[in-house]
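J.: Okay, predicted coordinates and the sequence, questions at the end:
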Amino acid sequence: QVQLVESGGGLGQPGGSLRLSCAASGISFSIYDMAWYRQGPGKQRELVARIFSGLSANYYADSVKGRFTISRDNAWNTVHLRMNSLSPQDTAVYYCHARLASRWSEDYWGQGTQVTVSS
C-alpha cells in the first residue's frame, strides 16, 4: 500500500519560512520523481516544484523560483519543500506527488497539508 504523508504545514508569517516534508512508503522511492503541488482558494492545482530521480535539474514554478527549495533524502524516503519569503499568495493546500520516472501513469498523491500565510 502506497502512502505519501505530508507534514509541516500551518500558519506562516509574511516574509517568514516553513518547511514541508513528505514521507513515502510502499514505493521504491529512489526511482520516483517527487513533486509538490498546491491548490489555493478558488484556484486550480498547480505544480510548485519537482525533483527528479535522476540528474535532471529541479523544476520550480516562476512564482516560487528563488524562494522555495525542493530536496529529497532517498535513505529516509522523504522529500522536503523549504519555503522562504512567504507571501499571502502562497496560502494553499500543498500536496506531495510521486510518479514513476519510467512510467508517468503510475503516480500517487498525498492527502495535502494546509499552509496559511497571514499576519
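T.: Happy to help now that I have it. Numbers count the residues shown, from 1 in each chain.

J.: spatially speaking, which residue is in the middle of the protein?
T.: Closest to where the C-alpha atoms of the chain average out (C-alpha atoms, centre = their mean) is residue 36, at 2.4 Å.

J.: what about that residue, distance to residue 68?
T.: Per C-beta to C-beta, to the nearest Å, residue 36 is found 8 Å from residue 68. C-beta: built from backbone N, CA, C; applies to glycine.

J.: so what sits against both of these two?
T.: Common neighbours of residue 36 and residue 68 (criterion: C-beta atoms under 8 Å, 6 or more residues apart in numbering): 48, 49, 81.

J.: roughly how far apart are the first one and residue 13?
T.: Put plainly, it is residue 48. Relative to residue 13, and taking C-beta to C-beta, residue 48 is found at 19 Å.

J.: List the strands paired with the helix or strand bottoming out on mean pLDDT in the chain, with their directions.
T.: Counting by mean pLDDT, DSSP states H and E, the chain has its least confident helix or strand at strand 103-109, which shows a mean of 94. Partners of strand 103-109 in the sheet, by DSSP bridges, are strand 92-100 (antiparallel).

J.: my guess is residue 2 meets residue 23, correct?
T.: No - counting by C-beta atoms under 8 Å, residue 2 does not reach residue 23; the two are 11.8 Å apart.

J.: the more surrounded of the two?
T.: residue 23 (16 against 13; other C-beta atoms under 10 Å).

J.: Mind checking the pLDDT average for the helix or strand hosting that one?
T.: Using DSSP states H and E, residue 23 sits within strand 18-25. Here strand 18-25 scores 98 as its mean pLDDT.

J.: Each with direction, which strands does the helix or strand following it pair with?
T.: Downstream of strand 18-25, the first helix or strand assigned by DSSP H and E is strand 32-39. According to DSSP bridges, strand 32-39 has the following sheet partners: strand 46-51 (antiparallel), strand 92-100 (antiparallel).
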